[in-house]
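# any chance you could fold what I've pasted below:
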Amino acid sequence: MKTFFVVNPKSANGATGKRWGELAARIARTLSDFGVEFTKGPLDAVGLARQAVKSGYECVVAVGGDGTINEVLNGFFEDGRALNPNAALGVLPRGTGGDFRKTFGWDLDFDAAVRRLKTPDTRPFDVGRLEYMGHDGSSQVRYFANICSFGVSGLVDEEVNRTSKALGGKLSFMWGSLKALTKYKDQVVNVSFDGKPTEALSVTTLAVANGKYFGGGMKVAPEADVSDGQFDVTIWSGYGLTDFVLKSASVYSGEHLKWKGTRTLRCHEVVADSQERVLIDCDGEQPGRLPCKLTILPAAIRLKV
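Numbering: from 1, shown residues only. Okay, here's the model as predicted:
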């Protein structure tokens, strides 16, 4: 496939940019012809990926972490539609966390990731569409590859993104979670699933999942499938700092589904609003707050596997 790499040089704590000459040479031993551009700032990957798809590249590869994957994914869309539904999203993991890759069992082995890109194998890939309120009060739209959530998870993002993430994804998110939970109390959110009557829920976190993992390896949606055409929703209610400390192993293993305060369901659309300031987490980024509407776009593009 005609392949283009969108490279976040700051990923892997800056090692990607510093070592790109060596990394590009290793790619060239497997792929004979490919395009490359470096990102220069926030959301730059969106424009680079969009131009690559418009230029006829069949596979656009996000070189970085979950934030880079999210931005590259957004470049596959313009004016509310996929530019080329047959184009494939590729992933060359270089991030500190890597929640998205964990759904597929991909590790950080660089050469293994390059070998995946050489094969012709792709699969249908569902994409989440998020309509929400930006920090400036305007209505905005963003697509997501992995998981969108709200509640304490949005506050965790705010805490984590203030740090360098030098501790790595899991420890950074654990520290951010501890800090956020010391100041968070469940928020009341009015939620409707697939147009059913609105429910007033007390929410620690409500996660709308395409993939399985978020928050530095928490297995929030163990049964999620990126090609089944539906969201897996997990709702945590009534949990605080003590629960996180004492039961954190259950969050990482997926055993949290047995907790009294955990509810799960599947749906195609979620609409949520609140009288409180409820922050959103979208693929590990914190773009804004409620109200929001989340819609699944089944098999919107392809995923390189």
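# a strand runs through residue 180, doesn't it?
No: looking at residue 180 with DSSP: H, G, I helix; E, B strand; the rest coil, it is helix, so not inside a strand.
# identify the residues contacting it.
Contacts of residue 180 were listed using CB atoms under 8 Å, 6 or more residues apart in numbering, and they are 152, 155-156, 158-159. Quick note: C-beta positions are derived from backbone N, CA and C, even for glycine.
# closest one of the residues you listed to residue 58?
Distance to residue 58 across these (CB to CB) is lowest for residue 156, with 36.3 Å.
# confirm that closest one sits in a strand?
No: counting by three-state DSSP, residue 156 falls outside a strand, being helix.
# next, count neighbours for it.
When counting by other CB atoms under 10 Å, one arrives at 30 neighbours for residue 156.
# ok, it - contacts?
Counting by CB under 8 Å, 6+ apart, residue 156 touches 173, 176-177, 180, 215, 281.
# out of these, who has the most neighbours?
Once you tally neighbours by other CB under 10 Å, residue 215 ends up highest among the contacts of residue 156, having 29 neighbours.
# hmm, it is touching residue 99, no?
Yes: the pair residue 215 and residue 99 passes the contact test of CB atoms under 8 Å, sitting 7.2 Å apart.
# okay, residue 151: pLDDT?
At residue 151, the model reports a pLDDT of 93.
# what distance do you get for the residue nearest to it when sequence neighbours are not counted to residue 265?
Once its chain neighbours are removed from consideration, residue 151 has its nearest residue in residue 205; the separation is 4.0 Å (CB to CB, 6 or more residues apart in numbering). As judged by CB to CB, to the nearest Å, residue 205 and residue 265 stand 15 Å apart.
# what bridges to residue 282?
Beta-bridge partners for residue 282, by DSSP bridges, are residue 148, residue 285.
# count the neighbours of it for me.
If you count neighbours by other CB under 10 Å, residue 282 ends up with 29.
# ok, now which ones touch it?
Contacts of residue 282 (CB under 8 Å, 6+ apart): 70, 130, 142, 144, 148.
# surely residue 114 is in a helix?
Yes: under three-state DSSP, residue 114 falls within a helix.
# number of nearby residues for it?
Burial of residue 114, expressed as a neighbour count using other CB under 10 Å, amounts to 19.
# how about residue 139?
Neighbour count of residue 139, defined by other CB under 10 Å: 11.
# tell me how far the nearest residue to residue 101 once chain neighbours are set aside lies from residue 131.
Computed as CB to CB, 6+ apart, the closest residue to residue 101 that is not its neighbour in sequence is residue 93, at 4.8 Å. Taken as CB to CB, the spacing of residue 93 relative to residue 131 amounts to 29 Å.
# which of the two has more residues huddled nearby?
When residue 93 is set against residue 131 and neighbours are counted by other CB under 10 Å, the residue ahead is residue 93, at 25 against 14.
# ok, the residue nearest to residue 151 - contacts?
Counting by CB under 8 Å, 6+ apart, residue 205 touches 149-153, 234-236.
# and the residues you listed, which two are furthest apart?
For the contacts of residue 205, the maximum inter-member distance is 13.1 Å, found between 152 and 234 (CB to CB).
# so where does residue 235 fall, helix or strand?
Secondary structure assignment for residue 235, by DSSP states H and E: strand 231-236.
# who are the packing partners of that strand?
When contacts are defined as 3 or more CB pairs under 8 Å, 6 or more residues apart in numbering; DSSP states H and E, strand 231-236 sits against strand 199-203, strand 205-209, strand 262-267.
# now do the helices in the chain.
Across the chain, reading from the start of the chain, the helices by DSSP state H fall at 15-18, 20-28, 44-54, 66-74, 99-102, 110-118, 152-160, 169-181, 241-253.
# which of the contacts of residue 180 tops the neighbour count?
For these, the largest neighbour count, defined by other CB under 10 Å, is 30 neighbours, found at residue 156.
# separation between it and residue 214?
Counting by CB to CB, the separation of residue 156 from residue 214 is 10 Å.
# ok, now residue 94?
Taking CB to CB as the criterion, residue 94 is separated from residue 214 by 19 Å.
# poorly predicted segments of the stretch 101-250 of the chain, please.
Per-residue confidence of the stretch 101-250 of the chain (counting by pLDDT under 70) places the weak regions at 161-170, 173.
# and the contacts of stretch 182-190?
In this structure, residues lying in contact with stretch 182-190 by CB under 8 Å, 6+ apart are 150-152, 155, 198-204, 206, 237-238, 240-241, 272-276, 278, 290.
# please indicate which of those are buried?
Burial by neighbour count, 16 or more other CB atoms under 10 Å: within those this picks out 150-152, 155, 201, 203-204, 206, 237, 272, 274, 278, 290.
# what about residue 196, neighbour count?
Neighbour tally, residue 196, other CB under 10 Å: 11.
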